[in-house]
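Undergrad: The amino acid sequence is not available; the structure is as follows:
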């Protein structure tokens, strides 16, 4: 192991991985001893410098991070997932296959990103409807981004909302309510302005929907 890396016990990284300098993998969460919780990363990962990955993550093949990414504990992350520089992935999050998360994104605990979702830079998810309220810890609920949905840059998503499959959230939107499947929403508060079927760049999705 490179002396400029900290790889804790009980970390399993499959073949073909590339690990940058000053990374930490298997950082024990609060209350756990080093190596107490298994960490699994699939084959051909590319983990760039100053990334920190806590223990208890189960990560698929071809995982890639930018620089200074933080991934907290107890997440399930699929194959071909990319997380951009300076992004923060909190704990107990599920990320499906082929998800792209750009730079400077914040995703809090109990969020879901299904297969093929796309999150632009500087997007903020939230999970506390009433911060500092008496039951806030028991009522945390992150957004649920369903398959193929796309979240434009600088958008903010409120706790517990559902972004429907293949929906498109325009840049800079503040999403207060659930977004229907294939809807296009923009604004603050976000409102429906179109449907994906009307946008030429997404016509290919019409056939996909029919096949399913």
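TA: Nice, I can see it. Being a predicted model, the structure only gives us computed values, none of them experimental.

Undergrad: now the chain, which segments are flagged as low pLDDT?
TA: 1, 206-212 (pLDDT under 70).

Undergrad: Now do the helices in it.
TA: In the chain, helices defined by DSSP state H lie at 204-211, listed in chain order.

Undergrad: can I see the domain layout of this structure?
TA: According to automatic domain parsing, the chain is divided into the following domains: 1-92, 112-212.

Undergrad: Dump those domains into CSV; add distance to residue 101 and mean neighbour count as well.
TA: Quick note: C-beta positions are derived from backbone N, CA and C, even for glycine. Shown next, in CSV, are the domains of the chain (distance: least, Cβ to Cβ, whole Å; neighbours: other Cβ atoms under 10 Å):
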stretch, distance to residue 101, mean neighbour count
domain 1-92, 5, 18
domain 112-212, 5, 17
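
Undergrad: I'd like these written out as a markdown table, with distance to residue 100 added.
TA: Formatted as a markdown table, the domains of the chain follow (distance: least, Cβ to Cβ, whole Å):
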| stretch | distance to residue 100 |
| --- | --- |
| domain 1-92 | 5 |
| domain 112-212 | 5 |
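
Undergrad: and the nearest residue to residue 96 once chain neighbours are set aside, what does it touch?
TA: Once flanking residues are discounted, residue 96 sits nearest to residue 115: 3.8 Å by Cβ to Cβ, 6 or more residues apart in numbering. Applying Cβ atoms under 8 Å, 6 or more residues apart in numbering to residue 115 gives the contacts 78, 96, 97, 98, 99, 147, 148.

Undergrad: switch to 6 Å and redo it
TA: Residue 115 is in contact with 96, 97, 98, 147, counting by Cβ atoms under 6 Å, 6 or more residues apart in numbering.

Undergrad: How about residue 162?
TA: 144, 178.

Undergrad: could you redo the last one with a cut-off of 10 Å?
TA: 112, 143, 144, 145, 146, 149, 175, 177, 178, 179, 180, 181 (Cβ atoms under 10 Å, 6 or more residues apart in numbering).

Undergrad: can you tell me how far the fifth one sits from residue 58?
TA: Translated: residue 146. Look at residue 146 and residue 58: by Cβ to Cβ, to the nearest Å, they are 21 Å apart.

Undergrad: just the third one next, same as before
TA: If you measure residue 144 against residue 58 using Cβ to Cβ, the figure is 20 Å.

Undergrad: With residue 202 instead?
TA: Remark: distance between residue 202 and residue 58 (Cβ to Cβ) = 32 Å.

Undergrad: Show the contacting residues for residue 63.
TA: Contacts for residue 63 (Cβ under 10 Å, 6+ apart) come out as 13, 17, 41-47, 53, 57, 71, 77-83, 95.

Undergrad: what would the contacts of residue 162 look like in a markdown table with distance to residue 88?
TA: Below are those laid out as a markdown table (distance: Cβ to Cβ, whole Å):
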| residue | distance to residue 88 |
| --- | --- |
| 112 | 16 |
| 143 | 15 |
| 144 | 19 |
| 145 | 16 |
| 146 | 22 |
| 149 | 20 |
| 175 | 19 |
| 177 | 25 |
| 178 | 24 |
| 179 | 23 |
| 180 | 29 |
| 181 | 28 |
